[in-house]
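> Quick one: sequence and predicted model below, then my questions.
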Amino acid sequence: MQSQTVPQTVQQPAAVPPASAPAVNNEVPPWEDIPEVAAEESDSSDDADSAPPAWEGPMDGEPMDLPDDPLDAMEPVDAAPAPRSAPAVQDYAPAPAPLEVPTTPLGDVWHGVVTQLVQAEAVTALVRELALQSQLVAQEGDSWTLRVERTSLNQATAKERLRKALTDAGHCQTLVVENGAAADTPAKRNTAAAQRHQKLAEAIVLNDPQVQTLMRAYGAKIVPGSIRPA
């Protein structure tokens, strides 16, 4: 028997449908939605700003007018500003003459006592002013008499505190304060001494050879109030 060949059926692959093309958006992006008129105006303004200035010199072949002296064509340069002058210094006014205080023996005693009390801070405030501006006019045993011009200082409280300070220092037990002219007081003596020291300091500076040379050669002046005694 002859064998029969059975034909084999070949399966064809299924057809793949073509991929669809992506959708095209015909809308204009918002950043490109610019009116043509505005763009043209912007371009024209940019061109006008960037355009070089027109040549105002001579054209080709025309002679140029040159000055005889090139320096005449140069623009003048502003002169440097003048330096600021130093503030004017007034002539030094010397201190007034020292106060003349008619000293007395009791004034010497009272000035020494008050100086000790002040340095020891045994008297302060109103009591200190009473001691400085009063004059010792009498000493009778343990009783001392003071005279003061300002009635506002002659107060019972201040007088009692001053008496106690004198008693504690071993000077007197009784203190009398009367109102009247007081010429020789510790305050006036201190003022006169300060004025004498000021005059001496001024004399030392003004008589210094170097200071005199500077004043003559350069017109140097001493600033008022700059001289102080050591």
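Okay, I see it.
> can you list contacts of stretch 176-196?
95-104, 106-107, 110-111, 114-115, 130-135, 137, 143-149, 151, 154, 159 (CB atoms under 8 Å, 6 or more residues apart in numbering). (Glycine included, C-beta is placed from N, CA and C.)
> Please check those and keep the buried ones.
Among those, those buried by neighbour count (16 or more other CB atoms under 10 Å) are 95, 98, 101, 106-107, 110-111, 114, 130-135, 137, 144-148, 154, 159.
> before we move on, what SS does Ala220 have?
coil (DSSP: H, G, I helix; E, B strand; the rest coil).
> residues near it, how many?
12 (other CB atoms under 10 Å).
> I'd say it and Asp208 touch.
No. The pair formed by Ala220 and Asp208 falls short of the contact definition of CB atoms under 8 Å, at 11.7 Å.
> ok, which stretches of the protein are helices?
36-50, 105-119, 125-132, 156-168, 186-206, 209-218 (DSSP state H).
> winner for burial among those helices?
Burial of those is given as mean neighbour count (mean count of other CB atoms under 10 Å); helix 125-132 ranks first at a mean of 19.
> which residues are contacting it?
So helix 125-132 is contacted by 114, 117-118, 123, 146, 148, 153-155, 157-159, 161-162, 165, 177, 185-187, 190 (CB under 8 Å, 6+ apart).
> give me that answer again for 7 Å
Contact with helix 125-132 is made by Val114, Leu117, Val118, Val123, Val148, Leu153, Ala158, Arg161, Leu162, Thr185, Pro186, Ala187, as judged by CB atoms under 7 Å, 6 or more residues apart in numbering.
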